[in-house]
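Q: structure for the following, please:
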Amino acid sequence: MGWGPFQYGVQPEAASAHAPYYDALFITITLLLLLFTVGTVAAIIFFVTKYRRGTKVDRKNVITHHTGLELIWMGVPLVLALGMFAWSARNFISVRTMPDPAESTEIFCIGKKWMWHFQHMNGVRENNELTVVVGQPVKITMISQDVIHALYLPEMRAQYHVVPGRYTDLQFTPTKPGKYKILCAMHCGTQHSEMVGQLYVLTPTEYAEWLEKGGNRYKTKPTTVAEAGKQIWQEKQCANCHTGVDNPRAPSLAGIFGKERVFTDGTKRKADRDYIRESIKMPHNMITKGYENTMPVYGGTITEPQVLALIEYIKTLTPSTGDFERQDIVNSIPGTNRDNSNVDVANQGQSAGNAQFRSAEDKR
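A: This is a model prediction of the structure:
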């Protein structure tokens with residue numbers, strides 16, 4: 001890093017398979033432009049100096065025509081221009097040819113004022129962040145929710161318009177793990193410059209860990225089974241119904257383990273592991289007396305390790321200890337953002353992209 005205007009490189013870091021070809025073409029065109037510009041300016045300065053008024057030079061026998069010279073200064077630029085066209089066309093066709101679906105990762109993108117939404121095929125969603133695997137071709141199918149945007153990934157040398165009313169595609173293959181920028185390259189309103197995000201290129205191992213966290217890179221890794229259960233409790237928002245005391249929504253689970261439960265059909269059962277497991281996966285089988293069948297069925301959406309972790313956390317609950325804060329009530333309190341994401345908070349007063357970008361920078 002340098003100082004002032006010298007702190008940035010000539011180009012962003014090259015981090016995709018297409019980047020070297022793009023850079024080679026760009027540098028070649030730039031050098032040819034400099035060559036012709038310097039040559040033309042030098043010729044102008046030479047002739048202006050030599051033939052300026054007052055100089056003693058021979059102005060007789062002025063040459064008005066030279067076929068060879070004219071062929072050179074028309075033929076050489078023509079050949080170079082055709083060469084640049086062929087080279088550019090080859091690069092364009094390569095970058096606009098989408099990868100084989102069987103060998104690539106497909107991601108859907110929605111652009112809106114002023115943020116990016118990414119949807120992975122495995123169900124993970126990201127706002128103003130995109131996480132991919134190094135060496136894996138990526139195809140992004142894009143559409144705009146409002147005006148014309150342009151998804152621009154400088155280090156990937158990838159950019160294409162995101163327009164309302166139809167889908168467009170963009171593809172790249174990242175070659176270097178790291179964190180890169182996501183920008184909008186089409187002026188889209190007052191906060192266009194803040195429509196930014198982060199592109200994370202991970203190794204296969206890091207990507208697997210990221211998936212294990214449900215796409216939340218800031219999620220802490222639990223050190224105990226009960227801590228893992230607490231994370232599931234919070235993710236499923238169990239405290240919206242199961243609070244520290246019995247309430248019209250649902251019975252309290254504080255201190256439930258080992259106690260006798262009475263059901264609507266008059267039967268009774270001790271609240272052991274099997275009971276809690278069945279109540280989580282098939283709650284309609286045993287409905288607590290005084291309540292109706294209102295609990296969602298988690299049989300096909302929660303794994304056995306998750307059930308085990310949730311049971312261990314429920315065993316730790318007491319009326320005075322436990323995460324019983326109802327998120328629906330917290331969200332309804334004016335002026336509070338305790339359960340809001342960076343994007344939710346940002347949408348209330350500033351660019352969501354800018355807020356999340358700064359938040360990600362702060363957590364580095």
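Q: measure how buried residue 181 is and give me the count.
A: 15 (other Cβ atoms under 10 Å). Heads up, the C-betas are built off the backbone N, CA and C, glycines and all.
Q: so who does it touch?
A: 12, 153, 154, 155, 196, 197, 198, 199 (Cβ atoms under 8 Å, 6 or more residues apart in numbering).
Q: next, the buried residues of whichever strand or helix holds residue 308.
A: Assessed by DSSP states H and E, residue 308 sits inside helix 304-315. For helix 304-315, the neighbour count (16 or more other Cβ atoms under 10 Å) marks 306, 307, 309, 310, 311, 312, 313, 314, 315 as buried.
Q: distance to residue 192 added to those residues, as JSON lines?
A: Below are the buried residues of helix 304-315 laid out as JSON lines (distance: Cβ to Cβ, whole Å):
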{"residue": "306", "distance to residue 192": "42"}
{"residue": "307", "distance to residue 192": "47"}
{"residue": "309", "distance to residue 192": "44"}
{"residue": "310", "distance to residue 192": "44"}
{"residue": "311", "distance to residue 192": "50"}
{"residue": "312", "distance to residue 192": "49"}
{"residue": "313", "distance to residue 192": "45"}
{"residue": "314", "distance to residue 192": "48"}
{"residue": "315", "distance to residue 192": "52"}
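Q: closest one to residue 144 out of the contacts of residue 181, please.
A: residue 197 (15.4 Å; Cβ to Cβ).
Q: tally of neighbours for the closest one?
A: Residue 197 has 26 neighbours, counted by other Cβ under 10 Å.
Q: domains in the protein, as residue ranges please.
A: The chain breaks down into these domains under automatic domain parsing: 10-41+71-89, 101-212, 225-332.
Q: buried deepest among the ones you listed, which one?
A: domain 101-212 (a mean of 18; mean count of other Cβ atoms under 10 Å).
Q: which residues touch residue 273?
A: By Cβ under 8 Å, 6+ apart, the contact set of residue 273 is residue 311.
Q: got it, and residue 235?
A: Contacts here follow Cβ under 8 Å, 6+ apart; on that basis residue 235 touches residue 214.
Q: that older thread, export the domains of the chain to CSV and tack on distance to residue 54 and mean pLDDT?
A: Shown next, in CSV, are these (distance: least, Cβ to Cβ, whole Å; pLDDT from 0 to 100):
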stretch, distance to residue 54, mean pLDDT
domain 10-41+71-89, 23, 91
domain 101-212, 52, 92
domain 225-332, 84, 83
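Q: for those, which one sits closest to residue 61?
A: It's domain 10-41+71-89; of the domains of the chain, that one is closest to residue 61 (Cβ to Cβ) at 21.3 Å.
Q: residue 158 touches residue 130, doesn't it?
A: No - if you go by Cβ atoms under 8 Å, residue 158 and residue 130 don't touch, sitting 11.4 Å apart.
Q: close enough to count as contact, residue 210 and residue 131?
A: Yes - with contacts counted by Cβ under 8 Å, residue 210 reaches residue 131, the gap being 5.9 Å.
Q: where's the residue nearest to residue 283 when sequence neighbours are not counted, which helix or strand?
A: Leaving aside its chain neighbours, residue 283 sits nearest to residue 295 (4.0 Å; criterion: Cβ to Cβ, 6 or more residues apart in numbering). Residue 295 is part of no helix or strand when elements are defined by DSSP H and E.
Q: hmm, back to that, make CSV from the domains of the chain and add distance to residue 52 to it.
A: As requested, the domains of the chain are exported to CSV (distance: least, Cβ to Cβ, whole Å):
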stretch, distance to residue 52
domain 10-41+71-89, 16
domain 101-212, 46
domain 225-332, 78
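Q: closest to residue 95 out of those domains?
A: Nearest to residue 95, of the domains of the chain and by Cβ to Cβ, is domain 10-41+71-89 at 5.4 Å.
Q: pull up the distance across that closest one, start to finish.
A: Start and end residues of domain 10-41+71-89 are separated by 24 Å (Cα to Cα, to the nearest Å).
Q: ok, stretch 286-303 next?
A: 20 Å.
Q: then stretch 100-118?
A: 20 Å.
Q: stretch 90-106 too?
A: Stretch 90-106 has an end-to-end distance of 24 Å (Cα to Cα).
Q: with stretch 244-257 instead?
A: Criterion Cα to Cα; first-to-last residue distance in stretch 244-257 is 14 Å.
Q: on that earlier part again, okay, and the common contacts of residue 210 and residue 131?
A: In contact with both residue 210 and residue 131: 202, 217, using Cβ under 8 Å, 6+ apart.
Q: what segments of the stretch 251-364 of the chain are helices?
A: Assigned by DSSP state H, counting those that start in this stretch, the helices in the stretch 251-364 of the chain fall at 273-281, 304-315, 327-332, 342-347, 352-362.
Q: three-state assignment of the residue lying closest to residue 13 once chain neighbours are set aside?
A: Spatial nearest neighbour of residue 13, chain neighbours left out: residue 155 (5.0 Å); criterion: Cβ to Cβ, 6+ apart. Secondary structure assignment for residue 155 (DSSP: H, G, I helix; E, B strand; the rest coil): helix.
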